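Participant: Pasted the sequence and its predicted model underneath.
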Amino acid sequence: MRLNCDLGESFGSWTMGMDEAVMPHIDQANIACGFHAGDPLIMQRTLSLAKEHGVMVGAHPAYPDLVGFGRRSMNCSADEIKAFMLYQLSAMDGMAKSVGVELEYVKPHGALYNDMMAKVEVRKAIMEAVAAFHKPIKLMLQATPQADEHKAEAAELGLELWFEAFADRCYDDDGKLLARSKAGAVHNKEKMLAQVEQLCDAGTITTVSGHTLNLQVDTLCVHGDNLAGVQAIEAIRALVDQRAS
């Protein structure tokens, strides 16, 4: 199971995250493309850091919402979504080539990710944009009980999916993430490591009310925007490597 993390989310003189501390411990870097965070210099530096540590590069596109950090849903048409997706993918692909790495996948950010999972029309527009890109890249989306349906949607476009789970988030009974406004939505370190262990050993998670859900998981999302987060990634890395050996 790979570890992925959202990186390159600083902007100008504003610093977000601890990218240099995180990068040595992950397999996949989801790098902001400038629409919710990131700028050309940050993109270049993050890509170079990924190259230094042999980390796979993915684009992390968002709604055009720099002020709201891409956390606000926007009422965009399918054509608009496809256009701004391709714009951000092309920017990341060109920057990646310039530092000697390849863009291999895309993981939408924030509200765009949530809308992709909740709205068929948004997911269709995103899938069509990724499928229309000039080279094959994979689309990362949330592992849910509807994974086979999502695979079928992607297969119609010749698109390959990677499914991700979340190390530090509690799941609702329908397989969605428990809303952050609800108690227990974010796990402490003990529960987080227990969830990772369960995913590695059984391919399941336990929901907020105690139900067990089977999930098809290719990659695990971790967060490292503070020291505790970085330490958690180190512990998750050790656990995943131990289970793989």
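Facilitator: Looks like it arrived, so ask away. These figures come from a predicted structure and were not determined experimentally.
Participant: what's the distance between residue 228 and residue 180?
Facilitator: 17 Å (CB to CB, to the nearest Å). Backbone N, C-alpha and C define where each C-beta goes, glycine included.
Participant: One more: residue 47?
Facilitator: 30 Å.
Participant: Which of those two has more residues huddled nearby?
Facilitator: residue 47 (25 against 9; other CB atoms under 10 Å).
Participant: Need the per-residue pLDDT for residue 82.
Facilitator: Note for residue 82: predicted pLDDT of 98.
Participant: thought it was touching residue 127?
Facilitator: No - in this structure residue 82 lies outside contact range of residue 127 using CB atoms under 8 Å: 9.7 Å.
Participant: So for the longest helix belonging to the chain, what gets flagged as buried?
Facilitator: Ranked by number of residues, the top helix in the chain under DSSP state H is helix 78-99. By neighbour count with 16 or more other CB atoms under 10 Å, helix 78-99 contains the buried residues 81-82, 84-89, 91-93, 95-96, 99.
Participant: what do you get for stretch 151-170?
Facilitator: In stretch 151-170, the ones that count as buried by 16+ other CB under 10 Å are 153-154, 159, 161-170.
Participant: So which elements touch the worst-scoring helix or strand of the chain on mean pLDDT?
Facilitator: Ranking every helix and strand in the chain by mean pLDDT, DSSP states H and E puts helix 227-244 at the bottom, with a mean of 89. Secondary-structure packing of helix 227-244 (3 or more CB pairs under 8 Å, 6 or more residues apart in numbering; DSSP states H and E): strand 2-7, helix 19-22, helix 189-202.
Participant: quick one: contacts of the longest one?
Facilitator: Applying CB atoms under 8 Å, 6 or more residues apart in numbering, the contact partners of helix 189-202 are 1, 165, 167-168, 170, 187, 204-206, 215, 217, 220, 228, 232, 235-236, 239-240, 243-244.
Participant: What's the first helix or strand after the helix or strand where residue 46 lies?
Facilitator: Under the criterion of DSSP states H and E, residue 46 resides in helix 40-53. Later in the chain than helix 40-53, the nearest helix or strand by DSSP H and E is strand 56-60.
Participant: For that following strand, list the C-alpha coordinates in CSV.
Facilitator: The C-alpha trace of strand 56-60 is given here as CSV (Å, rounded to 0.1, in the frame of the first residue of the first chain):
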residue,chain,number,x,y,z
MET,A,56,5.9,9.6,-7.7
VAL,A,57,4.4,12.9,-8.9
GLY,A,58,0.7,13.6,-9.1
ALA,A,59,-1.3,16.8,-9.9
HIS,A,60,-3.6,18.1,-7.2
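Participant: which non-adjacent residue is nearest the most centrally placed residue in the chain?
Facilitator: Central residue of the chain (CA atoms, centre = their mean): residue 107, 4.8 Å from the mean position. In this structure, residue 107 finds its nearest non-sequential neighbour in residue 140, 3.9 Å apart by CB to CB, 6 or more residues apart in numbering.
Participant: who touches the strand or helix carrying the one you found?
Facilitator: In the assignment (DSSP H and E), residue 140 maps to strand 138-142. Defining contact as CB under 8 Å, 6+ apart, one finds that strand 138-142 is touched by 4, 30, 58, 104-108, 113, 116-117, 123, 126-127, 130, 150, 154, 159-165, 176-177, 219.
Participant: try stretch 143-152
Facilitator: With contact meaning CB under 8 Å, 6+ apart, stretch 143-152 is reached by 117, 123, 141, 161, 163-165, 174-176, 213-218.
Participant: what distance separates it from the middle of the whole chain?
Facilitator: 16 Å (CA atoms, centre = their mean, to the nearest Å).
Participant: No further questions, thank you.
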